[in-house]
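Q: Quick one: sequence plus predicted model below, questions after.
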Amino acid sequence: MMPIKEIKELKFNLEFLQNYLDYLEIRIKFLLKRFRNFPNFPGVQAGYNSVTGNEYAKKDIFSFSWPNGRGVYVFSRFSEYFPSNKIELMDYATHTIKAMEKQFFINNNYFPYIAYLNGKEKYLGCERPKGYKSYSYIDACFGFIEYGFRTKDNGYISFAKQIFDEIIKALDLNIFITEGEPTLDVRIPENPWSCALDLSNEFMKDFGDKKYLDISTKLIKYLLDKYYIKDLKIFIEYTTPGGEPFLGEEGEIIVNPGHSIEFCSFCLEFARIAKKYKGYETICEEIDRIIPDLLIWNIKNGWSKKHPGIYRTINAKNGLPIDNIMPWWVLPEAMLAVMLAFERTINDKFLEYFKAIHNTYFLTYMNPKTEFGPFQNIDGSTGKPTDGLGPVIKFQDPEFHSGKNLLMVTDIIKRNYNI
């Protein structure tokens, strides 16, 4: 039975928190069952259809970097919150991190985006010049830092720090590629820098080294300078190499509300962490001036008026969707962002958004065929669920967007309501 119900009147109490934890325990058991069913798979085997629940054909089963790194992060983090499952969760994390290490060494010290089951990279036609880094490094870093921190393994911690330093260097030199498609010389996405900001926050929380606050500050300034259009008060998805907004085929100003909401969340989390340290007052004031309003803009303009959900991309010129896909992951990201915004501003408007987003996610996206895992997408024109679109999201996410963020939501509630 689904433990989370529709919110009619928002009350944060012990029962509310327990319902979230009960839901996540259902998801834990689902993931662990897959681990038992595929004990020899090199990583996280999440190759099933999010709508039908059917397993993918054998020809579509590969070891993907992003569920592996994210999976290690989640299993390691969940082990702290769910001690009755700790041993098996850490077994799963260890199994997966060993697979990642093997793939790294087999592929000449590089994390492949997609690997065959023997560990060798599956070539996608995306050239990777020497020294370039990619999303696979970011996802791997999430896994290694959380696993190293939870196990107190200095070797993994050192390796995670090395990976992170290489990511930051690649971003500084703009030698970063987005796998799944060839690097486009005409547009530069904001998301790699934003994901690095999320990682930097994680390092700061784990180790308390102000070096990471300085890196986060630099990343926030860069992202606001390059991707925030002050006149329109929007955060765009791409720029040209010359720093101008990249326009769509029909002149659209492309906004990805999910990525913009993530950026808001990462900035607000940074401001929360930096609050007790001197020297970050100016950047926190800039966050307070820009981010709450930017978050509201993305929720209001990204929200479908026909079927509940947030569109993947919209045209900032007229607020219309560029495509009708409403991905599941945007909603748990938005739930976390509005709770961080409420904590920062004490503006009840963000609690109203939380209620609406909670109800949409848990009443619309949950699939009983997959133990209440989310449908990957809802079609904004029909309101019907659809599965992934191509190799980038062929597998299902191992609770990185949902589970990680829902746990952070419970922490925010505990901090602010003395529960």
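A: Structure's in. What do you need?

Q: Which residue ranges of this protein form helices?
A: For the chain, applying DSSP state H gives helices covering 14-37, 65-81, 86-106, 135-151, 154-172, 191-207, 210-227, 257-274, 281-302, 330-345, 349-364, 402-417.

Q: Tell me which residues of the longest one come out buried.
A: Looking back up the chat, that one is helix 14-37. Neighbour counts using 16 or more other CB atoms under 10 Å place 16, 17, 20, 23, 24, 25, 27, 28, 31, 32, 34, 35 of helix 14-37 among the buried residues. Heads up, the C-betas are built off the backbone N, CA and C, glycines and all.

Q: List the residues that contact residue 10.
A: Shown here is residue 10, whose contacts under the criterion CB atoms under 8 Å, 6 or more residues apart in numbering are 351, 354, 355.

Q: my bad, should have said residue 293
A: Each residue near residue 293 by CB under 8 Å, 6+ apart is listed here: residue 233.

Q: repeat for residue 35
A: Counting by CB under 8 Å, 6+ apart, the residues that residue 35 touches are 45, 88, 91, 92, 95.

Q: ok, now how distant is it from residue 101?
A: Between residue 35 and residue 101 the distance, using CB to CB, to the nearest Å, works out to 18 Å.

Q: Check the burial of the closest residue to residue 330 other than its chain neighbours by counting its neighbours.
A: Excluding the flanking residues, the one nearest residue 330 by CB to CB, 6 or more residues apart in numbering is residue 258, at 3.6 Å. Look at residue 258: counted by other CB atoms under 10 Å, it has 25 neighbours.

Q: Could you measure from residue 154 over to residue 359?
A: With distances defined as CB to CB, the gap from residue 154 to residue 359 amounts to 45 Å.

Q: Looking at these two, which is more packed in?
A: In this comparison of residue 154 against residue 359, neighbours counted by other CB under 10 Å, the higher total goes to residue 359 at 16 against 9.

Q: Spatially, what comes nearest to the more buried one if we skip its sequence neighbours?
A: Of all residues not flanking residue 359 in the chain, residue 6 sits nearest, at 5.3 Å (CB to CB, 6+ apart).

Q: Repeat that for residue 412.
A: For residue 412, the closest residue by CB to CB, 6+ apart turns out to be residue 339, at 4.7 Å.

Q: any idea of the pLDDT on the one you found?
A: As predicted, residue 339 sits at a pLDDT of 98.

Q: Kindly report the same for residue 14.
A: According to the per-residue confidence, residue 14 scores 95 in pLDDT.

Q: same deal with the one 5 residues further on?
A: pLDDT recorded at residue 19 is 97.

Q: where in the stretch 251-400 of the chain is pLDDT low?
A: Residues of the stretch 251-400 of the chain that meet the criterion pLDDT under 70 lie in 389-394.

Q: quick one on the thing from earlier: dump the residue contacts of the residue nearest to residue 359.
A: Contact analysis of residue 6 by CB under 8 Å, 6+ apart lists 359, 362, 363.

Q: Looking at the contacts of residue 10, which is nearest residue 150?
A: Using CB to CB, residue 354 comes nearest to residue 150 of the contacts of residue 10, at 28.8 Å.

Q: Okay, residue 269 and residue 135: tell me how far apart.
A: Distance, residue 269 to residue 135, by CB to CB: 20 Å.

Q: which residues does the closest residue to residue 185 other than its chain neighbours contact?
A: Once its chain neighbours are removed from consideration, residue 185 has its nearest residue in residue 241; the separation is 6.7 Å (CB to CB, 6+ apart). When the contact criterion is CB under 8 Å, 6+ apart, the partners of residue 241 are 185, 186, 188.

Q: ok, 10 Å please
A: 174, 184, 185, 186, 187, 188 (CB atoms under 10 Å, 6 or more residues apart in numbering).

Q: Could you give the average pLDDT over stretch 109-119?
A: On average, stretch 109-119 scores 93.

Q: pretty sure residue 34 contacts residue 47?
A: Yes - shown here, residue 34 and residue 47 form a contact pair, counting by CB atoms under 10 Å, at 9.4 Å.

Q: what sits in contact with each of the two?
A: Residues touching both residue 34 and residue 47 (CB under 10 Å, 6+ apart) are 41, 55, 396.

Q: Buried ones among those residues?
A: Among the shared contacts of residue 34 and residue 47, those classed as buried by neighbour count (16+ other CB under 10 Å) are 41, 396.

Q: Out of the shared contacts of residue 34 and residue 47, the closest to residue 195 would be?
A: Looking across the shared contacts of residue 34 and residue 47 and measuring by CB to CB, the closest to residue 195 is residue 396, at 19.3 Å.

Q: ok, now which ones touch residue 417?
A: With CB under 10 Å, 6+ apart as the criterion, the residues that contact residue 417 are 11, 12, 13, 14, 16, 17.

Q: Next one: the fifth one from residue 358, what distance?
A: When you say that, I think you mean residue 16. Look at residue 16 and residue 358: by CB to CB, they are 10 Å apart.

Q: tell me, what's touching those two both at once?
A: Residues within reach of residue 16 and of residue 358 at once, by CB under 10 Å, 6+ apart, are 4, 7, 10.

Q: Restricted to strands, list the shared contacts of residue 34 and residue 47.
A: Nothing among those maps onto strands, per DSSP state E.

Q: To what extent is residue 266 buried, counted in neighbours?
A: 25.
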